[in-house]
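**Student:** just the structure for this:
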Amino acid sequence: MNARTPMRSLEDRVVLVTGGGRGLGACIAEAVCADGAMAVVCDLDAGRAESTAQRIRDAGGRAEAMALDVGDESQARAAVEGTHGRHGRLDAVINNAGVDYTVPIDELTVEQWDTVIRTNLRGPFLLSRQAASIMRRQGEGHIVNVASTAAKRAWPNACAYHASKWALLGLSHALHAELRPYGVKVSAVIAGGMRTPFLLDRFPDLDPGLLQDPANVAAAVRFLLLQPPETVIPEVTVLPLRETSWP
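**Tutor:** Numbers count the residues shown, from 1 in each chain. Just a heads-up that it's a prediction; the model follows:
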């Protein structure tokens, strides 16, 4: 009988989380820190990032905050290289930041389209490119891209969001194939609807009972990061039991 592979720990691992100021990003940062990781909480809103980081520190964890526009190439480079420079390593990047405009195509402006693609696709590309360089040299690392059920099927009035998430899923699988020979893992999380401001602020009539706690999706991200070195999960789907946007 073969000995079982011992469960890994996130102790002392350095995890950069985008969109970490609230919602799922904040839950991911809190989850990895509860297991001993250092979280670099990044958000376009510096105050929200600091609020999440302070909450983690108050609970006895380790976290630092950083203002970050994920679509800005120089900021993405500085975030990744700065994190590696301060801590001597970078174990995981969680590409979670995302935006959406739910309007018909004839009302969607070019500026809104560009904002969605810039945040949801260009951002993960920039951060992954910078992280991959460091992780290849380390011989290990993990990039997790938070996609959506919008990467698997479509509904009206969300063409930019669907385009960005379908493309993000493709990017994730392409990087999985490209980086695995170097010991670098890439995973996509297909997240169903969550009780977060991303949905509840825009759709006040949405029944929260049809959604899931973002902490449950954060637990799935933690599970991905805890896999032994010889195992990678390229894609995982996490849905509310009563999910209405999934067949």
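
**Student:** which residues sit in contact with the closest residue in space to residue 198 that isn't next to it in sequence?
**Tutor:** Once flanking residues are discounted, residue 198 sits nearest to residue 23: 5.7 Å by Cβ to Cβ, 6 or more residues apart in numbering. From N, CA and C alone the C-beta is placed, and that goes for glycine too. Listed by Cβ atoms under 8 Å, 6 or more residues apart in numbering, the contact set of residue 23 reads 194, 196, 197, 198, 214.

**Student:** do residue 82 as well
**Tutor:** Counted by Cβ under 8 Å, 6+ apart, residue 82 has contacts residue 66.

**Student:** ok so, going back, most neighbours, which of the contacts of residue 23?
**Tutor:** Among the contacts of residue 23, residue 194 has the most neighbours (other Cβ atoms under 10 Å), with 24 neighbours.

**Student:** hmm, residue 31 and residue 25 touching each other?
**Tutor:** No - Residue 25 lies out of contact with residue 31 (Cβ atoms under 8 Å); the separation is 10.7 Å.

**Student:** gap between the spatially closest residue to residue 194 that is not a sequence neighbour and residue 199?
**Tutor:** Leaving aside its sequence neighbours, residue 194 sits nearest to residue 214 (Cβ to Cβ, 6+ apart; 4.4 Å). From residue 214 across to residue 199, the span is 10 Å (Cβ to Cβ, to the nearest Å).

**Student:** give the contact list for the spatially most central residue of the chain.
**Tutor:** Geometric centre of the chain, nearest residue: residue 96, 2.8 Å, by Cα atoms, centre = their mean. With contact set as Cβ under 8 Å, 6+ apart, residue 96 has these partners: 17, 18, 19, 20, 24, 25, 28, 146.

**Student:** got these as CSV, with pLDDT and secondary structure columns?
**Tutor:** Below are these laid out as CSV (pLDDT from 0 to 100; DSSP: H, G, I helix; E, B strand; the rest coil):
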residue, pLDDT, secondary structure
17, 98, strand
18, 98, coil
19, 97, coil
20, 98, coil
24, 96, helix
25, 97, helix
28, 98, helix
146, 98, strand
